[in-house]
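Chemist: give me a 3D structure for the following:
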Amino acid sequence: MAIIAVYSPKGGVGKTTIAVDLAWRCAVRGGTRTLLWDLDVQGGAGFLLGCEPSAQPRAASLFQREGNARRLVASTRYTGLDQLQADPSLRQLPLQLARLGQRNRLGWLTRDLRRDYARIVLDCPPMLNELSEQIFAAADLVIVPLPPSPLGARALEQLRAEFARRDRRHPPVLPLVSMFDSRRRAHREAREGPMAGLAVIPAASPIEQMAFRRMPVGVFAPYSAAARALERVWREIETKLTELKIPPV
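Modeler: Predicted structure coming up:
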């Protein structure tokens, strides 16, 4: 079982779009039982999957000592793909975790879910705090979408420095360039310079349409350039997991 965190220190880079599409591909294209766990208080993952928000804000209750993740797991319209939705209760979660001293709560919860899912995709909030510390400790792989700019490259360097600073083990990082527009000179310079060699997801209409259609790109535009790029990212992730000796089942 693999825990894949989709995290970016920069907002507005399509993080949730990538997390949703990745979870869908793991379940539908890969045929692996997959859980998409939205930890971002904005709750965009459930929205993009066409799911209605829960009537009661209970997402943070999982992190209480008596919390049971299975009670809040909900199915989606896609075979093999379940979800844990975010809600406003997550706003105080980092302070709650720090106050309670539960530094490995997320790791415990994900280990408990290993019996049910081959892949757990975490849609992470774009910040460094107690929750992100627990995410990095639990994850087998961290996917980092970045804007095609010097600031994006700098953010990646800072994240790697943060990982290097840690005394404990940290997961491998797989960065990628998101929202890339080949018509823009600045994007091309970043792609050919400090971000050379990274996987690229284009700024494309089908990706924008996900928010209107509320479904993954692969469902309504499977042959688009955006879908092909996301497919390559998924396959690169699966290859990396194989190198880490994490099987797809």
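Chemist: ok, longest helix in this structure?
Modeler: Counting residues, the longest helix in the chain under DSSP state H turns out to be helix 225-243.
Chemist: wouldn't residue 44 be in contact with residue 16 here?
Modeler: Yes - using Cβ atoms under 8 Å, residue 44 is in contact with residue 16, at 4.0 Å. Where you see a C-beta, it was placed from the backbone N, CA and C, and this is true even at glycine.
Chemist: between those two, point out the one with more neighbours.
Modeler: residue 16 (27 against 19; other Cβ atoms under 10 Å).
Chemist: picking that back up, shared neighbours of residue 44 and residue 16, which are they?
Modeler: 38, 123 (Cβ atoms under 8 Å, 6 or more residues apart in numbering).
Chemist: quick check: buried residues in the longest helix of the chain?
Modeler: 226, 227, 229, 230, 231, 233, 234, 237, 238, 240, 241 (16 or more other Cβ atoms under 10 Å).
Chemist: what sits closest to the fourth one if chain neighbours are left out?
Modeler: For residue 230, ignoring the flanking residues on the chain, the nearest one in space by Cβ to Cβ, 6 or more residues apart in numbering is residue 21 at 4.9 Å.
Chemist: the first one now?
Modeler: In this structure, residue 226 finds its nearest non-sequential neighbour in residue 204, 4.0 Å apart by Cβ to Cβ, 6+ apart.
Chemist: distance between the ends of stretch 32-42?
Modeler: Distance across stretch 32-42, first residue to last, is 27 Å (Cα to Cα, to the nearest Å).
Chemist: which parts of that stretch are buried?
Modeler: Here stretch 32-42 shows 32, 33, 34, 35, 36, 37, 38, 39, 40, 41 as buried, counting by 16+ other Cβ under 10 Å.
Chemist: ditto for stretch 190-204
Modeler: Applying 16+ other Cβ under 10 Å to stretch 190-204 flags 190, 191, 194, 195, 198, 199, 200, 201, 202, 203, 204 as buried.
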